[in-house]
Every structure is written in structure tokens, then in C-alpha cells.
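Peer 1: here is my input; please provide its structure:
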Amino acid sequence: MKWSPQDAMKAYLHTLQLSKIQYGQDCTLGTTKLIQPQCMEFLSALAAGNQAKVMVQVLSNEGVNPLTIALAVATKYCEGRFIYAVEFMHGNPCEVIIKLKKIDFAVIDCKFKDHLRLLQIIDVNPRGSVVVLTNLVRKGNGAGFGEVVREKRGVECVTLSIGEGMELTRIGVTCNHENKRFHVTSEN
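Peer 2: Here you go, the predicted model:
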């Protein structure tokens, strides 16, 4: 996956603007009120920046939530396809996900009772994909996606204390960090 900092920034700012509207926060220019970003802005930027062409969100028993909107925003900037599978709407989301091939970006809610089975059947893009587990609840027999695929080459996994816990697993792309530079530009 090729990284696009411009698309990541656009998706982040667009999602941040939508969350300001949703939570009724003041959006006027010159306001001194600090807006605390949530995980949805981060994931929107991550998906758009990675130019994900096939995005999936699996939910337990919720309908559209702020993260769903954030991923839809990311889809706009990378011209991808977004599928969300909800347990009460589609029966078992595993039946929907098993039909999809080469998923670039997946967000799986660990409140979904069959998420461990889903982690075993999901077909991720081997050339580069990201799998995110949200509402990470570790039980004695629970395992994250990073633990399921850890033995494979080119897999990086990190657990973050964002929201109810989040695990990010990147598959298939190895980076050479020596020649990478981060440039910040400002326009007046």
C-alpha cells in the first residue's frame, strides 16, 4: 500500500469536522476550545492514507456509529469500497466477510461474539493491509489478530489504549524508515 499523507490529512480533518458537528462543539474560526480527537479520526486518516480500496467494518449489534461515518469519509478520499456487516442486519457477519477477497482495511468490534472465527477466515490483501480490533477484551482464551498471524513474515502488531482498547496489525508491507522524512508545510 502506498502512503498518501494528503489523503490522510483530508480524511482526518473532515472526520474531525463531522465529530464537532455531531457533538455540538463550536466550529467557529478563532475559538480557543480544544477538541480532543477520538479514535475515529485516527482510523479515518489511517485508512485514507493507506489508500485502502476495500474496507470492512464488523459490528456486534449496533447500527451506524461514528466510526462507520469515519470509514465512509476515508472511502471518499481513496475512492475505495466500504462494506459494513452488522450482526442484527446480516445474520452472521462471517458469511458476508468470507465472500470478500483481498481486504485492505478491516475494523472488527471484539464485542461481536464470533470475532475469533472471523480473524481466521478474513482474506486480507497480502501486498498490504491493516486489521484493527476495537473494544479489545482479553479473556483467558482470547487472542488478537496479531497473535493469530504473528508467525507470518511482514506482520507488525501494536496494542493501543485508545477507547476500550485497540489492536492494530499491519500485514505485508515492510518499511525502510532510514530514508523516510516527515515534512510539515504551512500556508497563509
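Peer 1: contacts and neighbour counts: CA atoms only from here.
Peer 2: Will do.
Peer 1: ok, the residue positioned nearest the centre of the chain to residue 153 distance?
Peer 2: Geometric centre of the chain, nearest residue: residue 43, 4.2 Å, by Cα atoms, centre = their mean. Applying Cα to Cα, to the nearest Å, the value for residue 43 to residue 153 is 24 Å.
Peer 1: longest helix in the chain, please.
Peer 2: For the chain, the helix that runs over the most residues, judged by DSSP state H, is helix 5-22.
Peer 1: hmm, who's touching the helix or strand just after it?
Peer 2: Moving toward the C-terminus from helix 5-22, the next helix or strand (DSSP states H and E) is helix 39-49. For helix 39-49, contacts defined as Cα atoms under 8 Å, 6 or more residues apart in numbering pick out 2-13, 15-16, 55, 66-67, 70-71, 73-75, 77-78, 105, 162-163.
Peer 1: give me the angle between helix 39-49 and helix 5-22.
Peer 2: Going by axes from the mean of the first three to the mean of the last three Cα atoms, to 10 degrees, helix 39-49 is angled at 150 degrees with respect to helix 5-22.
Peer 1: stretch 102-120: how far from the chain's middle?
Peer 2: Relative to the centre of its chain, stretch 102-120 is centred 11 Å away, using Cα atoms, centre = their mean, to the nearest Å.
Peer 1: would you list every one of the helices in this structure?
Peer 2: Counting by DSSP H, the helices of the chain are 5-22, 39-49, 66-78, 87-90, 93-97, 115-121, 145-149.
Peer 1: tell me the pLDDT of the residue nearest to the centre of the chain.
Peer 2: Note on residue 43: pLDDT of 92.
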